[in-house]
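Chemist: From the sequence below, what's the structure:
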Amino acid sequence: MSKKVAFKPKPATTPAPTAAEAWVDQGGQTEGRAPLTVVPEAPEDKPRKMVRFTLDVDAELHSRMKVACAMKGEKMSDVLRAVLMKEFPAE
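Modeler: Have a look, this model is predicted:
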């Protein structure tokens with residue numbers, strides 16, 4: 001005895017975005033905030049070798065930093081890199 005399973009054909013058009021996707025796409029403007037802008041990184045002369053850097057911080061500090069970075073649309077790693085480069089400039 002063989003069983004046959006019928007699959008529905010793929011939809012011809014892309015489905016309309018859900019309410020959550022539409023909210024994300026508009027950047028939370030309905031709550032009075034400005035839309036997030038992505039700042040492109042300046043191209044470097046040559047690619048730099050990156051290494052992993054682990055740092056233990058207080059959970060409260062981590063939360064404050066994560067919220068502040070999210071509000072500015074920045075990555076936490078980019079902010080930390082900028083702070084470290086300011087503190088330890090290339091000679």
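Chemist: so where's the longest helix in this structure?
Modeler: Assignment by DSSP state H gives helix 59-72 as the longest helix of the chain.
Chemist: what separates residue 69 from residue 49, distance-wise?
Modeler: Spatial separation of residue 69 from residue 49 under the definition Cβ to Cβ, to the nearest Å is 25 Å. Bear in mind the C-beta positions are built from the backbone N, C-alpha and C, glycine included.
Chemist: So for those two, which sits in the more crowded spot?
Modeler: Between residue 69 and residue 49, residue 69 has the larger neighbour count (other Cβ atoms under 10 Å), namely 16 against 5.
Chemist: Can you tell me the closest non-neighbouring residue to that one?
Modeler: Ranked by Cβ to Cβ, 6 or more residues apart in numbering and with sequence neighbours excluded, the top spatial neighbour of residue 69 is residue 76, at 5.0 Å.
Chemist: Neighbours of that neighbour, how many?
Modeler: 13.
Chemist: Ok, residue 80 next?
Modeler: Neighbourhood size, residue 80 [other Cβ under 10 Å]: 15.
Chemist: ok, now the one 10 residues further on?
Modeler: The local packing of residue 90 (other Cβ under 10 Å) involves 4 other residues.
Chemist: who touches residue 79 in this structure?
Modeler: In this structure, residue 79 makes contact with 65, 69, judged by Cβ atoms under 8 Å, 6 or more residues apart in numbering.
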